[in-house]
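S.K.: Kindly generate the corresponding structure for this input.
(4 chains)
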Number of protein chains: 4
Amino acid sequence: MHMTRKRVAVAGASGYAGGELLRHLLAHPDVEIGALTGASNAGERLGVLQPHLVPLAERVLERTDIGTLGGHDVVFLALPHGQSGALAAELQAADPTTVVIDCGADFRLQDAAEWERFYGGDHAGTWPYGLPELPGQREVLRGATRVAVPGCYPTVSTLTLAPAVAAGLVEPDVVVVAASGTSGAGKAPKAHLLGSEVMGNASAYGVGGTHRHTPEITQNLTGLLPEQATGQRVTVSFTPLLVPMPRGILATCSARLVEGVTADDVREAYVKAYADEPFVHVLPEGLWPQTKSVTGSNAVHVQATVDEAAGRLVAVGAVDNLAKGTAGAAVQCMNLALGLDEGTGLTTIGVAP
Amino acid sequence: MHMTRKRVAVAGASGYAGGELLRHLLAHPDVEIGALTGASNAGERLGVLQPHLVPLAERVLERTDIGTLGGHDVVFLALPHGQSGALAAELQAADPTTVVIDCGADFRLQDAAEWERFYGGDHAGTWPYGLPELPGQREVLRGATRVAVPGCYPTVSTLTLAPAVAAGLVEPDVVVVAASGTSGAGKAPKAHLLGSEVMGNASAYGVGGTHRHTPEITQNLTGLLPEQATGQRVTVSFTPLLVPMPRGILATCSARLVEGVTADDVREAYVKAYADEPFVHVLPEGLWPQTKSVTGSNAVHVQATVDEAAGRLVAVGAVDNLAKGTAGAAVQCMNLALGLDEGTGLTTIGVAP
Amino acid sequence: MHMTRKRVAVAGASGYAGGELLRHLLAHPDVEIGALTGASNAGERLGVLQPHLVPLAERVLERTDIGTLGGHDVVFLALPHGQSGALAAELQAADPTTVVIDCGADFRLQDAAEWERFYGGDHAGTWPYGLPELPGQREVLRGATRVAVPGCYPTVSTLTLAPAVAAGLVEPDVVVVAASGTSGAGKAPKAHLLGSEVMGNASAYGVGGTHRHTPEITQNLTGLLPEQATGQRVTVSFTPLLVPMPRGILATCSARLVEGVTADDVREAYVKAYADEPFVHVLPEGLWPQTKSVTGSNAVHVQATVDEAAGRLVAVGAVDNLAKGTAGAAVQCMNLALGLDEGTGLTTIGVAP
Amino acid sequence: MHMTRKRVAVAGASGYAGGELLRHLLAHPDVEIGALTGASNAGERLGVLQPHLVPLAERVLERTDIGTLGGHDVVFLALPHGQSGALAAELQAADPTTVVIDCGADFRLQDAAEWERFYGGDHAGTWPYGLPELPGQREVLRGATRVAVPGCYPTVSTLTLAPAVAAGLVEPDVVVVAASGTSGAGKAPKAHLLGSEVMGNASAYGVGGTHRHTPEITQNLTGLLPEQATGQRVTVSFTPLLVPMPRGILATCSARLVEGVTADDVREAYVKAYADEPFVHVLPEGLWPQTKSVTGSNAVHVQATVDEAAGRLVAVGAVDNLAKGTAGAAVQCMNLALGLDEGTGLTTIGVAP
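M.R.: Residues are numbered from 1 along each chain as shown, chains lettered A, B, ... in the order given. You can find the predicted model right below:
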């Protein structure tokens, strides 16, 4: 007795985000997959570009334009930065009810100056931010027609620190070191991303606060500060690492504890914050997150503790950068936008080992 | 409105096969997960042993015996070799309608002498062999109460060579070199399976026809020989390799071509053999299987060609050793045994990249 | 015209540290390899236990005792914690000139209370600490007959932060997140170290300051504080990560900058500190360390920068945990102890890709 | 008291073969590293392109032409196919004593028709083939001024099968399935070689005898046939696999045994064939090669057995494709060409784990 299936299109279907969107959408009972578009590979068969998507093997990529993408209930944009704005405007001019879900960065930041500093060029605007686990955000996303899907690092960093920041347990000055698999860097061939380079290798990049996800983490955590901290801003020292795995991010986050905060306070804050969240799982005490547990799933695993000698809270979170870090979040937001059950077509179960 | 959910138990729920069974069963609409049992880890929580199975995190492993396993509609046995027979007999003595699906080797072989030679000890018997893609086997499995799930190497080797052998395109003398991920060796800690050993390393083992899956491959392929070859036996040179990945088997199979057989004959035989098979996917011409395309899925990808200079057919198949290679096949057989649609709860879509 | 070759023994020759010691010693022009000992594997051939050490394939492991280890110029101990003390005493009672180089933790810490807190049991004492790059330490090690080889995490963490701490550029309150390959955990088989578990997986362990290398890092950095900070103690928040590679540690270190410190100050401090160090390589500006560049080598690669928005210094270091992190350091210390050129038999060149 | 150091140049110093040549040459006591050249990256610093080669960090790549490469005693060419011939002619026209060692394929094949079939274009000629382990070949290489370094797959396939073929133990009809790490595919960025694609993945390519190394294996093995087989030609079914590791090839080779040949015959042939070879190591009985044992080394590990049921010899060999498979072989040949001890600067010891 399903509702009429919604017709969805994916722009950028040959990349990693696009492939993962399709993997999720194929498992979704309430959608029907419409147009799939590419750029230079328009005209090619998906069976060659994404051989793991067997049911779509014979589908051919079309051009990314209003002609192919128009007429769908939902359009997912998995495009390079800067390409979403004009297309979204065209789609919604043609039909204002079209839900446009942007997996790129164009509409995530509220602060135009930060956009210009980290991305360059003009700021395209700000859309509803697709992290339903932020306070009040679920309501914003229900029925929305535009959603900016969060970045992968911001998703896990924010959710790993949110309970501590929101409860005022830590100073607003955090350190995040996040080890990521390689798919976050995309499918465009670059020498430093070759298997020969990344296997057996761990490296740091974007060191010193230069990674583009830094202002997004800052924005999220600042928004979580408790009332008494109004007007303050969270300082974020963010260092991403590349480690030899295809998927997954493990974020190690720490901050100086506010005086008097105990391990019990921390545990209580985390358990309480996520008690009703379907996709954030606070692990049993003593167990620490590992990325493999969330491979392919929409879950985030979180654990936190107190380092008394160092006077810091240390919290660790794990996410699949392509799933809850991108495509799963996009589907979760689509569900909210369409008024479906938020978890439809999503799983909390990872593919392990 | 689903049928009444069947109640299923898993014996050996802490291992890799057991975990993968649960991952599949959690996605199955028509089952309800009953008892989960272990051996030395009875009493432990699944959240610690299998942290990727979030919905079962609070479940506690029970002892593996008739007391805990009785009273279920289906019991999956994921136990060390030799432990299935007595338990199965007890279960079906208590209730002859109980479906027992054995993921171990005990009941796969028809030839007691082969059993004794490769496994040692007495042969426990032969159960319906759980490879529905073999001719006539689907019918044998429908309504069965006992199923012997095939070994992972035999599944992919058999399906990769079956069309050529059955159509009489090759001499009955095959060479199989199959590169496997490490999970096929199980979760019991052994020094040569440590990450430090296997990463960056490819090795051969069981060389010279000593691997226990050799007689099973031989049995399957011999059973496929066309009528005019009645009484013949296929000779199998099988070499397994261990390569640095957690899941997946890539089987490279070859055999001398019968005189006059062309590439077109081969293509036609493969396409025809698997045209109606939901889980065997013959790739588009020119595209070769890769294990990642089937990670986590119940699909087998197959491709074949002719090496004219060498006078051989070369066929390559890919499978996820834990999914279609074990747990997916087990669920596929359960579906047949229970009269459900064969593909219920299963997917052909891999988790890639 | 080499000096007479020194006769060296290795206790614990079947493990990873022992194997790496032998790899280094086989390349050393001034030593001759004497007794090789094991524990449960005494009597086995090295060709089976360490197949990469071809020239020693026929050597048989002996028992670890004074009878086999006595009579050598140098004895390397690569034993489980707690086993070095008594053996060292026996060796030097028999011949006080014997150089004993302990790759274990027994003699690294100066503070007995810290020893008891992190390791338990009685503190065995403190030996000259084998990090020649610390101020004045090279002189301590010249001619020493006992050396405590540093832990792998302390080596890279200390060298990555030393210039900043010693020059007073940062507050004495540091955060270290260090991603390690799996060989640091040794060769004893444990389920969570299986290849099936670690491939595709990043995880945290020893979170909250509980890892045993924490007090060693604290001790090293505190010893580097400039004079005006006498009596202070460096606070260390240390989180180790396990990532899917066999060797290597990448340490991401940060600390709040002292007011007014610039990126130029930082660069100058690092370049100056390591200008004459043969094994510490400050990378060209803009290039960040990666573990593969130091695989198999005795080099440490270091880079540092300033995050102005966060007000922190961020420094990253890479080391091979088995080479400069253990066996290379041991040989470097042996060279100093024996009065050889410090770099004899060692290389700064990594095996990449 | 070394001889005067020979001055060597490397053309193609930014690639994997070039980097590995430099790693070997830096360890060679009798050479001095002269010009290093590149193509599009001429003008860049080696510290950026090959950060593991610390002693050469400040060296700048020059243009690949006679101006920069002339005036050296030895020139190594690590260039794309087709670029070696003209340059070699120029170099030796300028100085006929210049030793030119080509790591490319241009001069490996004797049969122009095979060249044209597999590589296309005109056959440039045939140079002394750089596999000293072939009968009589060591003598050919002593004092040679031109050497064609063998391909990586042909090196390991040939050495793994040579004793059996030369002793007439098998039918001249062999099957080789060789699992390779990714560095054999070079450093040019291609989507299917990205870490995201290759990690967790095994795949086949060049199936059906289409890989360019096929005629080279055929040529080598045919040349090894015993006298009574004069005029025969070995048939080779060769399938290369790509597996998730940066280096190493494991070749699984088999052939039908000649009637009456026993396991003892096989063992004896292998042990005898390689008794005096410094770089080919027949493993102890029961132990099978693994690529990690030869990582970074010039050794080839070999083992063979008899599969009685299948009537086949099965032999397995392991090599590091960049070391003995390319750069190590090149240095070994240089040593012969210059009249040095064949093993100078080379090691049989792998970097493991």
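S.K.: tell me which parts of the stretch 251-353 of chain A are close to chain C?
M.R.: Neighbours of chain C within the stretch 251-353 of chain A, by CB under 8 Å from any CB of the partner chain: A:252, A:254, A:288-292, A:295, A:303, A:305-312, A:314, A:316, A:318, A:353. Just so you know, the C-beta spots here come from the backbone N, C-alpha and C atoms, and that holds for glycine as well.
S.K.: Could you tell me which of the residues you listed count as buried?
M.R.: The neighbour-count test (16 or more other CB atoms under 10 Å in any protein chain shown) applied to these identifies A:252, A:254, A:288-292, A:295, A:303, A:305-307, A:309-312, A:314, A:316, A:318, A:353 as buried.
S.K.: so of these, which ones are in helices?
M.R.: Under the assignment DSSP state H, those contribute nothing to helices.
S.K.: so which of those residues also contact chain B?
M.R.: Restricting these to those near chain B by CB under 8 Å from any CB leaves A:290, A:292, A:295, A:353.
S.K.: Out of those, which is nearest to chain B?
M.R.: Here the nearest of those to chain B, counting by CB to the nearest CB, is A:P353; it sits at 4.9 Å.
S.K.: Could you check how far the closest one is from chain D?
M.R.: 11 Å (CB to the nearest CB, to the nearest Å).
S.K.: Could you give the average pLDDT over stretch A:91-111?
M.R.: Per-residue pLDDT values across stretch A:91-111 average out to 97.
S.K.: That one vs chain C: in contact?
M.R.: No: using CB under 8 Å from any CB, stretch A:91-111 never reaches chain C; the gap is at least 12.9 Å.
S.K.: Can you measure across that stretch, start residue to end residue?
M.R.: Stretch A:91-111 has an end-to-end distance of 25 Å (CA to CA, to the nearest Å).
S.K.: in it, what's buried?
M.R.: So for stretch A:91-111, counting by 16+ other CB under 10 Å, buried means A:91-92, A:98-109.
S.K.: these two touch, right, A:D320 and A:Q290?
M.R.: No: with contact defined as CB atoms under 8 Å, A:D320 does not reach A:Q290; the gap is 11.7 Å.
S.K.: Can you name the residues of the stretch 201-350 of chain A that neighbour chain B?
M.R.: Applying CB under 8 Å from any CB, we find that the stretch 201-350 of chain A lies next to chain B at A:246-247, A:281, A:283-284, A:287, A:290, A:292-297, A:299, A:301, A:347-350.
S.K.: Helix, strand, or coil at A:V177?
M.R.: Recorded secondary structure, A:V177: strand (DSSP: H, G, I helix; E, B strand; the rest coil).
S.K.: Can you say which two of the buried residues of stretch A:91-111 are spatially most distant?
M.R.: For those, the maximum inter-member distance is 23.3 Å, found between A:T98 and A:L109 (CB to CB).
S.K.: got any ranges where the stretch 201-350 of chain A has weak pLDDT?
M.R.: Within the stretch 201-350 of chain A, no range satisfies pLDDT under 70.
S.K.: Burial check on the residue of it found nearest chain B, number of neighbours?
M.R.: At 3.5 Å from chain B, A:G350 is the closest residue in the stretch 201-350 of chain A, using CB to the nearest CB. When neighbours are defined as other CB atoms under 10 Å in any protein chain shown, A:G350 has 29 of them.
S.K.: Packing partners of the host helix or strand of A:Q332?
M.R.: Secondary-structure assignment from DSSP states H and E places A:Q332 in helix A:328-338. With contacts defined as 3 or more CB pairs under 8 Å, 6 or more residues apart in numbering or on different chains; DSSP states H and E, helix A:328-338 has these neighbours: helix A:16-26, strand A:74-77, strand A:99-102, helix A:137-141, strand A:146-148.
S.K.: swap the cut-off to 7 Å and go again
M.R.: For helix A:328-338, the elements it packs on are helix A:16-26, strand A:99-102, helix A:137-141, judged by 3 or more CB pairs under 7 Å, 6 or more residues apart in numbering or on different chains; DSSP states H and E.
S.K.: got a list of contacts for the last one?
M.R.: Outside helix A:137-141, the residues within contact range by CB atoms under 7 Å, 6 or more residues apart in numbering or on different chains are A:128-132, A:147, A:333, A:336-337.
S.K.: Can you add neighbour count and give the residues you listed back as TSV?
M.R.: Shown next, in TSV, are those (neighbours: other CB atoms under 10 Å in any protein chain shown):
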residue	neighbour count
A:P128	19
A:Y129	24
A:G130	28
A:L131	22
A:P132	21
A:V147	27
A:C333	28
A:L336	24
A:A337	23
